[in-house]
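K.L.:
Got a predicted structure plus its sequence, pasted below:
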Amino acid sequence: MKTTRIIIASSVFTAALSLPGLLHLKATQAAEPAKAAKAPAGPAAPTGDCKTFGAGKCCSADTTMHLTRQAVYSACGESDATFIGEAASKDLFTCKYHFKVAGESSEDTFVRVYVGTGKEILSKPNDPFFSYKKVGKVWMTDKARSPKAAAMSAANTGLYKAGKGYFVSVLASTKVCTRSEVARLAKSLK
């Protein structure tokens, strides 16, 4: 039951991190119905020569270039010995790096990278559930704004970085990366 709550909390936390960018993207698209917007190119096809997690697929190089597995190793103290595998989402814009942590479910021990695109990207997250603090050029979750969000914040730490025409959102399990390690990981976001 506890694992289910953590998975649900992680999903809600992930959605909360991605929601501001997606809402802004939809508002931008709705504001310009007359213009024929050129769709952004999809991510590059995965190479297929990776270590996959479960039935997952290899992640797209267009996603992993924003946060490499080696950057996670360096910042979070992980290695090939603890790396279980990666899993791409169906749309290839999300990549999860899964790690082995003693006594924990491998479903809950991950670092997730999501890359969103759009014409106008928010310079900082506008999240009703969490406050953020600046760590270099990256925004990191700071405090939960409700008791339910506090449970999510205890299980995961989020990062957000805006780029020109894209944003990168990272969700790191506190079982893999402590908050101080996630602050170091923020320096590796591209």
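P.N.:
Cool, the structure landed. Numbers count the residues shown, from 1 in each chain.

K.L.:
Doesn't Y73 lie inside a helix?
P.N.:
Yes. Secondary structure assignment places Y73 in a helix (DSSP: H, G, I helix; E, B strand; the rest coil).

K.L.:
Quick one: residues contacting L189.
P.N.:
Residues near L189 by Cβ atoms under 8 Å, 6 or more residues apart in numbering: H66, L67, K137, V138, L159, K161, V168, V170. For glycine as for every other residue, the C-beta is placed from the backbone atoms N, C-alpha and C.

K.L.:
got it, and I84?
P.N.:
Contacts of I84 (Cβ under 8 Å, 6+ apart): K51, F53, H98, F99, K100, S106.

K.L.:
Could you turn the buried ones of those into a PyMOL selection?
P.N.:
What follows is the PyMOL syntax selecting those of the contacts of I84 that are buried according to 16 or more other Cβ atoms under 10 Å:
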select buried, resi 53+98+99
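
K.L.:
Pipe the contacts of I84 into TSV and attach distance to F83 and pLDDT per row.
P.N.:
Formatted as TSV, the contacts of I84 follow (distance: Cβ to Cβ, whole Å; pLDDT from 0 to 100):
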residue	distance to F83	pLDDT
K51	7	91
F53	9	93
H98	8	97
F99	6	97
K100	8	97
S106	11	91
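
K.L.:
Show me the contacts of I84 that map onto strands.
P.N.:
Of the contacts of I84, the ones assigned to strands by DSSP state E are H98, F99.

K.L.:
and the contacts of L189, which are buried?
P.N.:
The neighbour count (16+ other Cβ under 10 Å) marks H66, L67, V138, L159, K161, V168, V170 as buried among those.

K.L.:
how about low-confidence regions in this structure?
P.N.:
Residues of the chain that meet the criterion pLDDT under 70 lie in 1-48.

K.L.:
and the residue most central in space within it, what are its bridge partners?
P.N.:
Centroid check for the chain by Cα atoms, centre = their mean gives V170 as the closest residue, at 2.6 Å. Beta-bridge pairing for V170 (DSSP bridges): V113, L159.

K.L.:
these two touch, right, it and G158?
P.N.:
Yes. At 6.7 Å, V170 counts as touching G158 under the criterion of Cβ atoms under 8 Å.

K.L.:
the helices in the chain, which residues?
P.N.:
Secondary structure of the chain by DSSP state H: the helices cover 2-31, 61-64, 69-76, 147-155, 179-186.

K.L.:
Which residue is the nearest non-sequential neighbour of T157?
P.N.:
Residue nearest to T157 in three dimensions, not counting chain neighbours: V182, with 4.3 Å by Cβ to Cβ, 6 or more residues apart in numbering.
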